[in-house]
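Student: Sequence first, predicted coordinates after that:
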Amino acid sequence: MSESSSGVNTQSSSLPKSHSSQCSELAGTFTPLSVERSPDSGLLATPLPSSRFQFVSWHRLEHCDVTGDQLTCPRVREGPSDEELFERVGHEVCVERGTRRRRQGEGQSWEERLQENWENCVELNLSYQDLGDPYQKENFIRILRRLIRVEKLQLVDNSLTDLSSVRLPRCQILNLHRNHLVCLRLLPKLPAVEHLCLSDNAISSLSGLGALGNSPLRSLNLSRNPVTFSPDYRARVFSCLPKLEVLDGIHKLPEDCVPSQPQTSESTSMCNIL
């Protein structure tokens, strides 16, 4: 017997000649290390030690003192379904399905809430979350509501439709690029925002823009939204936001200062075709 580089004992006299022969030879072989086959090299490989923790929140791990404000790009994820529930042999960690029911019924313990520590987070990236499960969306909004000190927040490409229940009192930079927002009234409360990116959404009107008038907003990006094709778009935006300096990447122009005058009967020329 010889020991391979993966630490698994294999027979030196019967090296695998093909992937199919390898599978037939190992069909009845048992190993306590949950060995996974590697079809590329034909050798056996053990999974990473952390694989058994893939569905466990970081604050449920023993001897873990990482807090939420130390996470740069956390992921909001749901555990496996009842059919996918499994227990790894030889390990004390067992993946449980009770996450959703536990959160709804009992709520978080004070230890978990203290370790999540979202209240002290200053800069956070929650982009590309792929929020396909309703529990993920609920948990995502729950996290956003706790970001009372965040100053820079990235929420790119999350299919978000409504954030009106969220308040971000200290947020200065918010990136909502490539979401599904259809109205400015669905934005979170942003009393301190200075830079706001809403490009690649589905915003079709400027209704609700006045809510940002009291904020120190200096730059706004609404590019690739239907509203940008409306008449006097730039003039109307600057009229509602007098502190705004940059719109869609273009600095304020002289013609953006005064809205165009509506046409009157005197200024309208008519042509009668007889």
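Tutor: Received, thanks.

Student: any idea of the mean pLDDT for stretch 243-261?
Tutor: Throughout stretch 243-261, pLDDT has a mean value of 85.

Student: That should have said stretch 135-154, apologies.
Tutor: For stretch 135-154, the per-residue pLDDT averages 93.

Student: Tell me how many other residues surround residue 68.
Tutor: 21 (other CB atoms under 10 Å). Backbone N, C-alpha and C define where each C-beta goes, glycine included.

Student: residue contacts, the residue nearest to residue 154 when sequence neighbours are not counted?
Tutor: Across the structure, with CB to CB, 6 or more residues apart in numbering as the measure, the residue nearest residue 154 apart from its sequence neighbours is residue 125 (4.2 Å). Each residue near residue 125 by CB atoms under 8 Å, 6 or more residues apart in numbering is listed here: 72-73, 153-154.

Student: Among these, which one lies nearest to residue 138?
Tutor: Nearest to residue 138, judged by CB to CB, of those is residue 153 at 18.6 Å.

Student: what lines up beside the one helix or strand the closest one maps to in the sheet?
Tutor: Element membership of residue 153 [criterion: DSSP states H and E] is strand 152-154. According to DSSP bridges, strand 152-154 has the following sheet partners: strand 123-125 (parallel), strand 173-175 (parallel).

Student: Show the subsequent helix or strand relative to the first one.
Tutor: Toward the C-terminus, strand 123-125 is succeeded by helix 134-145 as the next helix or strand (DSSP H and E).

Student: Could you do the last one as well?
Tutor: Note on strand 173-175: by DSSP H and E, the next helix or strand toward the C-terminus is strand 195-197.

Student: I would like the residues contacting the helix or strand following that next one, please.
Tutor: Helices and strands here follow DSSP H and E; after strand 195-197, the next one along the chain is strand 219-221. Among residues not part of strand 219-221, those counted as contacts by CB under 8 Å, 6+ apart are 177, 194-199, 212, 237, 241, 244-249.

Student: please redo it, this time with the cut-off set to 7 Å
Tutor: Outside strand 219-221, the residues within contact range by CB atoms under 7 Å, 6 or more residues apart in numbering are 195-199, 244-249.

Student: from those residues, which is closest to residue 60?
Tutor: Each of these was checked against residue 60 using CB to CB; the closest is residue 197, at 34.3 Å.

Student: Make sure that closest one is actually in contact with residue 175.
Tutor: Yes. With contacts defined as CB atoms under 7 Å, residue 197 counts as touching residue 175 at a distance of 4.6 Å.

Student: neighbours around the nearest residue to residue 249 once chain neighbours are set aside, how many?
Tutor: Closest residue to residue 249 in three dimensions, ignoring its sequence neighbours and counting by CB to CB, 6+ apart: residue 221, at 6.6 Å. With neighbours defined by other CB under 10 Å, the count for residue 221 comes to 19.
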